[in-house]
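Student: could you work out the structure for the sequence below:
(one chain, ligands or ions: 1)
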Amino acid sequence: MIAYLYFQNPLKMKANRLLPVLFLLCVLVACESEKKVNKDVIDEIKKLSEVKKVNEADMISHAMKWGDEISTEAQQALISTLQKAIAEQGIGGAVEFCHTEALPITHEVGQKHNVTIKRVSLKNRNPSNSPSDVEKNLLEAYAYNVENGIENKPNIQKIDQGETLLFTKAIAIPNGMCLNCHGEPGAEIAEETRNKIKTLYPEDQATGFKVGDLRGMWSISLPKSEVIKNM
Ligand code: HEC
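Tutor: Predicted structure coming up:
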């Protein structure tokens, strides 16, 4: 499905863009309506928001800010350790490092904030980074924007019957460094690196990228109760 959104500013959308957006929203709502509402959680959210005197709009704007901070923190943790691994062990060694450390590093940042952090991609290397249906729709919308020169903005969706705010943010390939492991096999990806990747990730799809391409996105599930507590 090709879905596109003008994130953050729906009022500026042209009429012909509205239809797919409505379709996307229907899909998102349809996916979610099957889950059961957890009454205790809803009650806790209600109570917390009364105590803190916050409304839905306050929560969403705080979630946007908080999600952005958390994704930046996780990104920095990954990049600094990746750079260290490359300096110490070369690109091939760093592949092994990513294999064992990338998921634990993001998981740790998530635990620190009581949220769930993922990096997901339509062309993933680690199958654990495959998107859910909601995430897939968002990735397709981000990819549409990149292809059409529309700037990608972070986005918030309500999931789990409104118990959770899903913050997402596009991850583009910022520079040639990434292409050592995500570029063209045989050209940018050296033979040794390619073999390491093949051994560790037999189902790898994360090659053939160019600078500026959409590589994936941050997907951070922020329980509404945690968002309110953090306000
Ligand atoms: C040393 C090789 C290497 C370099 C350099 C590298 N990556 Fe990766 N990347 C990997 C490996 C290995 C994984 C799989 C990690 C795992 O098992 O969770 C991965 C996974 C990812 C994922 C998660 C989705 C997926 O495909 O599983 C994203 C997003 C990503 N890389 C983006 C980048 C970006 C952006 C850069 C440049 C800033 C970069 N990578 C540089 C090796 C590398």
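
Student: so which residues on this structure come close to the ligand?
Tutor: Residues of the chain found near the ligand (C-beta under 6 Å from any ligand atom) are 91, 94-95, 98-99, 102-103, 119, 121, 124-126, 129, 171, 173-174, 177-178, 180-182, 206, 215-216. No exception for glycine: its C-beta is placed from N, CA and C like everyone else's.

Student: now do the same contact list for T164.
Tutor: Taking C-beta atoms under 8 Å, 6 or more residues apart in numbering as the criterion, T164 is in contact with K158, S221, L222, P223, K224.

Student: tell me which element the residue lying farthest from the centre of the chain is part of?
Tutor: Distance from the centre of the chain peaks at V51, with 31.1 Å (C-alpha atoms, centre = their mean). Following DSSP states H and E, one finds V51 within helix 39-52.

Student: just checking, A170 touches Y142?
Tutor: Yes. Using C-beta atoms under 8 Å, A170 is in contact with Y142, at 4.4 Å.

Student: tell me, what's touching these two both at once?
Tutor: What both A170 and Y142 touch, as defined by C-beta under 8 Å, 6+ apart, is the set N152, L214, M217.

Student: which SS class is the first one?
Tutor: The three-state label for N152, taken from DSSP: H, G, I helix; E, B strand; the rest coil, comes out as coil.

Student: now swap in K118 and tell me
Tutor: K118 - assigned by three-state DSSP - is strand.

Student: tell me who's in contact with it.
Tutor: If you count contacts by C-beta under 8 Å, 6+ apart, then K118 has T106, N129, E135, W218, S219, I220 around it.

Student: ok, so of those, who is nearest the ligand?
Tutor: When the contacts of K118 are ranked by distance to the ligand (C-beta to the nearest ligand atom), N129 comes first, at 3.5 Å.

Student: what sits against the closest one?
Tutor: Going by C-beta under 8 Å, 6+ apart, the list of residues near N129 reads K118, R119, V120, S121, G216.

Student: 10 Å instead, please
Tutor: A102, L103, T106, K118, R119, V120, S121, K123, E135, A206, G216, S219 (C-beta atoms under 10 Å, 6 or more residues apart in numbering).

Student: stretch 192-212: which residues count as buried?
Tutor: For stretch 192-212, the neighbour count (16 or more other C-beta atoms under 10 Å) marks T193, R194, K196, I197, Y201, D204, A206, T207, F209 as buried.

Student: which residues touch it?
Tutor: Contacts to stretch 192-212, defined as C-beta under 10 Å, 6+ apart, come from residues 90-96, 98-100, 121-127, 129-130, 146, 172-186, 188-190, 215-216.

Student: could I get it in CSV with only the CA atoms?
Tutor: Extracted in CSV, the C-alpha atoms of stretch 192-212 (Å, rounded to 0.1, in the frame of the first residue of the first chain):
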residue,chain,number,x,y,z
GLU,A,192,35.5,-9.8,4.2
THR,A,193,32.7,-7.7,5.6
ARG,A,194,30.2,-9.2,3.2
ASN,A,195,31.1,-12.7,4.3
LYS,A,196,30.8,-11.8,8.0
ILE,A,197,27.3,-10.3,7.3
LYS,A,198,26.3,-13.4,5.3
THR,A,199,27.3,-15.7,8.1
LEU,A,200,25.7,-13.8,10.9
TYR,A,201,22.6,-12.7,9.0
PRO,A,202,21.7,-15.3,6.3
GLU,A,203,18.5,-13.3,5.5
ASP,A,204,20.2,-9.9,5.3
GLN,A,205,18.2,-7.4,3.1
ALA,A,206,20.0,-4.2,4.4
THR,A,207,22.4,-3.5,1.4
GLY,A,208,22.3,-1.4,-1.7
PHE,A,209,21.6,1.9,0.1
LYS,A,210,22.8,5.3,-0.9
VAL,A,211,23.5,8.4,1.1
GLY,A,212,20.1,10.1,1.8
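
Student: that's all I had, so thanks and see you.
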